[in-house]
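S.K.: Sequence and predicted model, in that order:
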Amino acid sequence: MTKQEKIKDVYQKLGFIWSKIEHLVTEEGVLILPSPDLKYSLEGYENLVADKEKFSSFGKEGLKLQPSSLKGIYNNNGWIHIESEIDLPKEDCSCIVIFDNGEIDVQRFFINYKDFANTPYKYITHYQVVKLPSPPIY
């Protein structure tokens, strides 16, 4: 699922009609209501307001709201989505990985792969680099 598909899915699950709000939602999933009266005509608005952990603020653009389930979407909660070879780590590293079947594991990435499409890496959808602690001083 892409970032935009996830944003659409979250708003639809809240009861919004996507075609009516799509132009009001930013790339990061923030709903911006330029007019306070607009909230009365949006189905699903009451569900978003009931979300106690939602992001909410006022700005020059208007009222900004973001469902709590989209919290962390700015950086994908630290996960890097692998769509192609370009998204792989640039140097050898240990990583926590998520496979396409949802399984989570710790893997060692080796950069000297020859054919990405024919390696076990092709089954990995996301990764986070594991930062190993510094060795003890004494």
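M.R.: Nice, I can see it.

S.K.: How is the protein partitioned into domains?
M.R.: For the chain, the structural domains run 3-70, 76-129, going by automatic domain parsing.

S.K.: Residue 80 contacts residue 125, doesn't it?
M.R.: No - here residue 80 lies out of contact with residue 125, judged by CB atoms under 8 Å, at a distance of 10.0 Å. For every residue, glycine as well, the C-beta is placed using N, CA and C.

S.K.: since we're on residue 66, how many residues are nearby?
M.R.: When neighbours are defined as other CB atoms under 10 Å, residue 66 has 23 of them.

S.K.: Counting neighbours, what do you get for the closest residue to residue 53 other than its chain neighbours?
M.R.: Of all residues not flanking residue 53 in the chain, residue 68 sits nearest, at 3.7 Å (CB to CB, 6 or more residues apart in numbering). Residue 68: 13 surrounding residues under other CB under 10 Å.

S.K.: Run through the helices of this protein in chain order.
M.R.: Counting by DSSP state H, the chain has helices at residues 3-13, 18-21, 45-50.

S.K.: Please save the CA atoms from the first one in CSV.
M.R.: The C-alpha trace of helix 3-13 is given here as CSV (Å, rounded to 0.1, in the frame of the first residue of the first chain):
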residue,chain,number,x,y,z
LYS,A,3,1.4,6.4,1.4
GLN,A,4,-1.5,8.1,-0.5
GLU,A,5,-3.5,4.9,-0.5
LYS,A,6,-3.0,4.6,3.3
ILE,A,7,-4.2,8.2,3.8
LYS,A,8,-7.3,7.6,1.7
ASP,A,9,-8.0,4.4,3.5
VAL,A,10,-7.8,6.0,7.0
TYR,A,11,-10.2,8.9,6.0
GLN,A,12,-12.6,6.5,4.4
LYS,A,13,-12.6,4.3,7.5
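
S.K.: how far out from the middle of the chain is that helix?
M.R.: Helix 3-13 sits 11 Å away from the centroid of its parent chain (CA atoms, centre = their mean, to the nearest Å).

S.K.: What is it packed up against?
M.R.: Judged by 3 or more CB pairs under 8 Å, 6 or more residues apart in numbering; DSSP states H and E, helix 3-13 is in contact with helix 18-21.

S.K.: Same list (the helices of the chain) but as CSV, adding mean pLDDT, mean neighbour count and distance to residue 28.
M.R.: Below are these laid out as CSV (pLDDT from 0 to 100; neighbours: other CB atoms under 10 Å; distance: least, CB to CB, whole Å):
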stretch, mean pLDDT, mean neighbour count, distance to residue 28
helix 3-13, 95, 16, 8
helix 18-21, 94, 13, 15
helix 45-50, 93, 14, 15
